[in-house]
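Engineer: Mind looking at a prediction? Sequence and model below.
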Amino acid sequence: AQKVTQAQTEISVVEKEDVTLDCVYETRDTTYYLFWYKQPPSGELVFLIRRNSFDEQNEISGRYSWNFQKSTSSFNFTITASQVVDSAVYFCALSEAGSGNTPLVFGKGTRLSVIA
Amino acid sequence: DAGVTQSPTHLIKTRGQQVTLRCSPKSGHDTVSWYQQALGQGPQFIFQYYEEEERQRGNFPDRFSGHQFPNYSSELNVNALLLGDSALYLCASSLFSRLGEKLFFGSGTQLSVL
């Protein structure tokens, strides 16, 4: 069975601090996809990144970076020099490869508060 | 290019009533998925529609049903509402043929059952 664990329920940082959001996943498939989504107060889930199980390259996009390690089944997300606008709930999600779109399994999310 | 739109944004119902939520997918998308997000939890998959058929279903009772129309829009129906059905209902659209496709989400319908 698939499972995504985000152990950090809430994190509070001061603006300009770096912060890392942890994600650990479980799956029996060898082919799968990992995602991070951001949910601001408006409620809409905003896509941040997708990574497939064969691509362990870390990725950096502006102030955001992702560290994917299959050996530890982790897909962690780091925000560098955090800003107040980064305040939101962040979800890590997993989908297994199959015919068509397989559903996303989400973690419970980490609420990030960035204080000015 | 309009994204995923959902209506209504908020809804208040009483126990035992029935409710219908609506979703229009992003232009060019043919698949609609519905998720339920309880307060403080991650979204949980309800079901997915493609070619007007339910293709996959999560662990939800038969009180939850849906429909997809020829224009790819979709409805989620919940019968015999329970207090526990209070949640944010999110619609997501995608292309069925693309594996590992990212989902585009609407802003959701906040359902309160009293």
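Structural biologist: Thanks, I have it. Numbers count the residues shown, from 1 in each chain, chains lettered A, B, ... in the order given.
Engineer: in chain B, which spans are strands?
Structural biologist: B:5-7, B:10-13, B:19-24, B:31-37, B:44-50, B:53-57, B:64-68, B:74-78, B:87-94, B:104-105, B:109-113 (DSSP state E).
Engineer: Ok, chain A next?
Structural biologist: A:3-5, A:10-14, A:19-21, A:24-26, A:32-39, A:46-52, A:59-61, A:64-69, A:74-79, A:88-96, A:105-106, A:110-115.
Engineer: Could you point out which residue ranges in chain B have low pLDDT?
Structural biologist: Residues of chain B meeting the criterion pLDDT under 70: B:1.
Engineer: chain center to the lowest-mean-pLDDT helix or strand in chain A: distance?
Structural biologist: Among the helices and strands of chain A, strand A:59-61 carries the lowest confidence by mean pLDDT, DSSP states H and E, at a mean of 85. Strand A:59-61 has its average C-alpha position 13 Å from the chain's average C-alpha position, going by C-alpha atoms, centre = their mean, to the nearest Å.
Engineer: repeat for stretch A:69-76
Structural biologist: The answer for stretch A:69-76 is 12 Å, by C-alpha atoms, centre = their mean.
Engineer: Dump that stretch to CSV, keeping only the CA atoms.
Structural biologist: Presented in CSV, the C-alpha positions along stretch A:69-76 are these (Å, rounded to 0.1, in the frame of the first residue of the first chain):
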residue,chain,number,x,y,z
GLN,A,69,16.8,10.0,-2.1
LYS,A,70,15.4,6.5,-3.0
SER,A,71,17.7,4.9,-0.5
THR,A,72,15.8,6.5,2.4
SER,A,73,12.4,6.9,0.5
SER,A,74,12.5,10.6,1.1
PHE,A,75,11.7,13.7,-1.0
ASN,A,76,12.5,16.7,1.0
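Engineer: what sits up against that stretch?
Structural biologist: Identification of contacts with stretch A:69-76 by C-beta atoms under 8 Å, 6 or more residues apart in numbering or on different chains yields A:20-26, A:34, A:36, A:51, A:53, A:56, A:66-68, A:92. Every C-beta, even on glycine, is put in place using the N, C-alpha and C of the backbone.
Engineer: Between which two of these is the distance greatest?
Structural biologist: With C-beta to C-beta as the measure, no two of the contacts of stretch A:69-76 lie farther apart than A:20 and A:53, at 21.3 Å.
Engineer: if you skip the residues just before and after it, what's nearest to residue 112?
Structural biologist: Assuming you mean chain A. Spatial nearest neighbour of residue A:112, chain neighbours left out: residue A:11 (5.2 Å); criterion: C-beta to C-beta, 6 or more residues apart in numbering or on different chains.
Engineer: um, chain B though
Structural biologist: residue B:12 is the one closest to residue B:112 (C-beta to C-beta, 6+ apart), at 4.8 Å.
Engineer: now residue A:53
Structural biologist: In space, residue A:53 is closest to residue A:32, 4.8 Å off (C-beta to C-beta, 6+ apart).
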